[in-house]
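# Curious how this folds, go ahead:
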Amino acid sequence: MEGGGSCGRRAVLGGLGLLGLLAALGGCSSPYAGTRLMLATGGTQGVYFGLGNALADAWQRKLGLDVRPEVLATAGSVDNLRLLATGAADVVFSQVDTAADQLLKSAPGDQRAPRALARIYDDAVHVVVRATSPVTTLAGLRGARVSVGAPDSGVYVIATRLLGLAGVSPDTDLQAEQLGINESVAAMESGTIDAFFWSGGVPTDGVSRLARTVPIRLLNLEDMITVVRTAYPAYASGTVPAATYGIPDPITTLLVRNFLLVPASMPDDLASALVEGLFDAQPELAVASPAALTIDSRAAIGTQPVPLHPGAERFFRALKNGQ
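Presented below is the predicted three-dimensional model:
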């Protein structure tokens, strides 16, 4: 890893989450010791939050940070991108679809515009119902009590897109609620909703915990794949294996790429160090969530349409050249 010069040369102003330069601090062993990072994740029962905490531990140790990065529980991707754009977060998790939308809103030269450190893993779209539910398709949700995701989440974006393509209006055809993963799980346990949308790594802790108390199924979205991918090419087709969450058979669903994003203004050496720390910490991340097992340096550069941060490009170029 290339150093950043004297200790604390590159830093993040923790109070506002803005990158800045600190005065050189002599006698420190790490060039990043004075760095302060705000890491925006998602709901506390989701994969983003678990991985974010594991990353915070790894980055503090591997970069020699004086202070562990602060991990923010958030509504999800849309909320995270807002925090990144306003300077309230420095590293965020985001789905590709919401990241692409944010990129289109960014003005040329915007220093808070999102740049990717890496593609990390793919989310699977979950449409969770009770095992005893008669519903087998999205159209079959008409009239049901359904959580379509928190208002500032990537889940809400996906849910409204899928329902729209299935000819179902959340406003008029459902008893829709906008709940995050924690609230959706609790509502399903209490019987106040019939189904909920979720987009997360497999398995997601909250859904696994729910399945231990309430037998569940995931809707098979095979009939929606072609129409969804025609309208939104960023989504891919994938499978949730049998036995996941106790489901008897594999189901076809949509996959959504996940990225770690930083602002364009992040110094190149810090961005490079964060990516290196990510890959060095993969065994620890896999303990936090099996989704991290799919983090791969060859696939990590696949962040289109979001450009890689120049510091991340430098890391991957050095890795390819065996440096």
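
# Chain neighbours aside, what residue packs nearest to residue 100?
Nearest residue to residue 100, sequence neighbours excluded (CB to CB, 6 or more residues apart in numbering): residue 305, at 5.2 Å. Backbone N, C-alpha and C define where each C-beta goes, glycine included.

# can I have the helix or strand in which residue 269 is found written out in CSV, keeping just the CAs?
Assessed by DSSP states H and E, residue 269 sits inside helix 268-280. Presented in CSV, the C-alpha positions along helix 268-280 are these (Å, rounded to 0.1, in the frame of the first residue of the first chain):
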residue,chain,number,x,y,z
ASP,A,268,-6.6,8.4,-4.1
ASP,A,269,-4.2,6.9,-1.6
LEU,A,270,-7.0,6.6,1.0
ALA,A,271,-9.4,5.0,-1.5
SER,A,272,-6.7,2.5,-2.6
ALA,A,273,-6.0,1.6,1.1
LEU,A,274,-9.7,1.0,1.7
VAL,A,275,-10.0,-1.4,-1.2
GLU,A,276,-6.8,-3.2,-0.1
GLY,A,277,-8.3,-3.5,3.4
LEU,A,278,-11.5,-4.8,2.0
PHE,A,279,-9.9,-7.7,0.2
ASP,A,280,-7.5,-8.4,3.1
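
# What mean pLDDT does it get?
Computed over helix 268-280, the mean pLDDT rounds to 97.

# check contacts around the closest residue to residue 37 other than its chain neighbours.
Residue nearest to residue 37 in three dimensions, not counting chain neighbours: residue 69, with 3.8 Å by CB to CB, 6+ apart. Contacts for residue 69 (CB atoms under 8 Å, 6 or more residues apart in numbering) come out as 36-39, 55-56, 59-60, 91.

# what do you get if the cut-off is 7 Å, keeping everything else the same?
Shown here is residue 69, whose contacts under the criterion CB atoms under 7 Å, 6 or more residues apart in numbering are 37, 39, 56, 59-60.

# most neighbours, which of those?
For the contacts of residue 69, the largest neighbour count, defined by other CB atoms under 10 Å, is 28 neighbours, found at residue 37.

# For that residue, what are phi and psi?
Dihedral pair for residue 37: phi -130, psi 140, per degrees, to the nearest 10.

# can you check residue 218 too?
Residue torsions, per degrees, to the nearest 10, at residue 218 are phi -110, psi 140.

# Same question for residue 130.
Its backbone dihedrals place residue 130 at phi -70, psi 150, with angles given as degrees, to the nearest 10.

# That one reaches residue 214, doesn't it?
Yes - counting by CB atoms under 7 Å, residue 130 does reach residue 214; the two are 6.4 Å apart.

# List the buried residues in the helix holding residue 269.
For helix 268-280, the neighbour count (16 or more other CB atoms under 10 Å) marks 268-279 as buried.

# Report the next helix or strand after it in sequence order.
Proceeding C-terminally, helix 268-280 gives way to helix 282-288 as the next helix or strand, assigned by DSSP H and E.

# so where do the helices sit in the protein?
The residue ranges that make up the helices of the chain, judged by DSSP state H, are 47-63, 77-86, 96-105, 154-165, 181-190, 205-211, 225-231, 268-280, 282-288, 310-320.

# what about the residue nearest to residue 100, neighbour count?
Taking other CB under 10 Å as the criterion, the count of residues near residue 305 is 11.

# and it, how far is that from residue 295?
Distance from residue 305 to residue 295, counting by CB to CB, to the nearest Å: 21 Å.

# And residue 217, by the same measure?
Remark: distance between residue 217 and residue 295 (CB to CB) = 29 Å.

# Also residue 239?
Distance of residue 239 to residue 295, given as CB to CB: 19 Å.

# So which of the two has more stuff around it?
Under the neighbour definition other CB under 10 Å, residue 239 and residue 295 were set side by side, and residue 295 has more, 20 against 15.

# The more buried one is in contact with residue 122, isn't it?
No - the pair residue 295 / residue 122 is not scored as a contact, 10.5 Å apart, by CB under 7 Å.
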